[in-house]
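> The following comprises the amino acid sequence and a computationally predicted model.
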Amino acid sequence: GTLPAPERIERIVAAAHSRYRTDQDGAVADYIPVLAAADPDLFAVAVTEIDGDVHEAGDAGAGFTIQSISKAFVFALACEAHGHPALRERVGVDNTGLPFNSVIAVELNDGHPRNPMVNAGALATTALIPGATPAEQWERVRTGLSRFAGRGLELDGGAYHSEMLTNQRNSAIARLLESYGRIDVDPGALVDVYTRQCSLRVTAHDLAIMGATLADGGVNPVTGERVVSAQTARDTLAVLASTGMYERSGTWMFEVGVPAKSGVAGGIVAIAPGKGAIGTFSPRLDPAGNSVRGQRATAYLSRALGLNLFASD
Ligand code: GLN
């Protein structure tokens, strides 16, 4: 199937926004101090079609940190550099069933991180980004994610410094990976690059374009640039389908039926292969760390736009 006509998408996006505009369920993340200061009422919905047309409603230009959504795109860059078998072997593609920052998941499997969408696997994935120094790796990540967005993404220095001060758990996970011989880089430098990647500033508009690049087989539909191969785009979407919403990924797939990735600042990107992508932003989260209004608006859009992967009509 294809998407409805542009005027209809426009109306559906506006409806998704107005339907949940006053919804106040959930709570803003506070384990990273700067996130607790976010305006909880900000709410944005954006849809990018596979031809690059963007439809949006609400605060689609409001900036926020990408956080865990970066994991999806850094995974794609690592896949592109090392290939499907290496990522499957070294990072894994199975859901842990545990929260994103779990140390138990690492311990249960001889330090194997299990999947790239939890912090352990994301750290192991960032460690695989090519570069002679951590600064080179960071530059690769920043420019790579910028190509997905079609514009130069910048670090939110305040968010980066705030998280670096409260990063004990990620430092512990990086040390654990080191102790099991699962990473070949310095754990302190690795946490620094990972925290930078999480602190890139994006908008819902950016997320919809980044997602549409995966929907379009790795070609950014706005700039026309091939960012990753079709195989990498497919691999990334397959991983998101089972792990993108953390331990809630099964419920998400059952209810919404599109691969998606969330971040604790309140962003969600959802991808409909061959059709387009949805970017949403709303800072109030559920207990797993997924934006409440973002999930609801995405579920509504998936139904109204006919995006569910498992629907035969
Ligand atoms: N930077 C955050 C962390 O590592 C990202 C977590 C998230 O978005 N779920 O804890």
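Here it is on my side, so go on. Residues are numbered from 1 along each chain as shown.
> Glu49 against Ile209, yeah?
No: using CB atoms under 8 Å as the test, Glu49 is too far from Ile209 to be in contact (10.6 Å). C-beta: built from backbone N, CA, C; applies to glycine.
> Of those two, which one has the most company?
Relative neighbour count places Ile209 above the other of Glu49 and Ile209, with 26 against 22, counting by other CB atoms under 10 Å.
> returning to what we had before: shared neighbours of Glu49 and Ile209, which are they?
Taking CB atoms under 8 Å, 6 or more residues apart in numbering as the contact criterion, the residues that touch both Glu49 and Ile209 are Pro221.
> and the gap between Tyr45 and Glu56?
Actually, residue 45 is Val. It isn't Tyr. With distances defined as CB to CB, to the nearest Å, the gap from Val45 to Glu56 amounts to 7 Å.
> the more surrounded of those two?
Using other CB under 10 Å, the more surrounded residue of Val45 and Glu56 is Val45, with 33 against 21.
> picking that back up, which residues are in contact with both of Val45 and Glu56?
Each of Val13, Ala204 lies in contact with both Val45 and Glu56 under the rule CB under 8 Å, 6+ apart.
> which parts of the stretch 151-300 of the chain sit against the ligand?
Applying CB under 6 Å from any ligand atom, one finds that the stretch 151-300 of the chain approaches the ligand through Glu163, Asn170, Cys198, Gly263, Val264, Gly289.
> Now do the same contact list for Asp216.
If a contact means CB under 8 Å, 6+ apart, then Asp216 has Ile50, Ala233, Gly274 as its contacts.
> can you map out the helices along the protein?
6-20, 69-82, 84-90, 104-107, 119-126, 134-149, 157-165, 168-179, 187-198, 204-215, 230-243, 249-255, 292-305 (DSSP state H).
> For Ala270, which of those helices is the nearest?
Ala270 lies closest to helix 292-305 among the helices of the chain, at 4.9 Å (CB to CB).
> what's the angle between the closest one and helix 6-20?
Comparing the axes of helix 292-305 and helix 6-20 via axes from the mean of the first three to the mean of the last three CA atoms, to 10 degrees yields an angle of 150 degrees.
> need the residues of the stretch 1-150 of the chain near the ligand, please.
Contact residues of the stretch 1-150 of the chain with respect to the ligand, defined by CB under 6 Å from any ligand atom, are listed as Gln67, Ser68, Phe100, Asn101, Asn119.
> how about a cut-off of 8 Å?
Taking CB under 8 Å from any ligand atom as the criterion, the neighbours of the ligand within the stretch 1-150 of the chain are Ala29, Tyr31, Ile32, Thr65, Gln67, Ser68, Ile69, Phe100, Asn101, Asn119, Ala122.
> just to revisit the earlier point, what subset of the contacts of Asp216 is buried?
The neighbour-count test (16 or more other CB atoms under 10 Å) applied to the contacts of Asp216 identifies Ile50, Ala233 as buried.
> now the contacts of Asp216 as CSV including pLDDT?
Formatted as CSV, the entries for these read as follows, by pLDDT from 0 to 100:
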residue, pLDDT
Ile50, 97
Ala233, 98
Gly274, 97
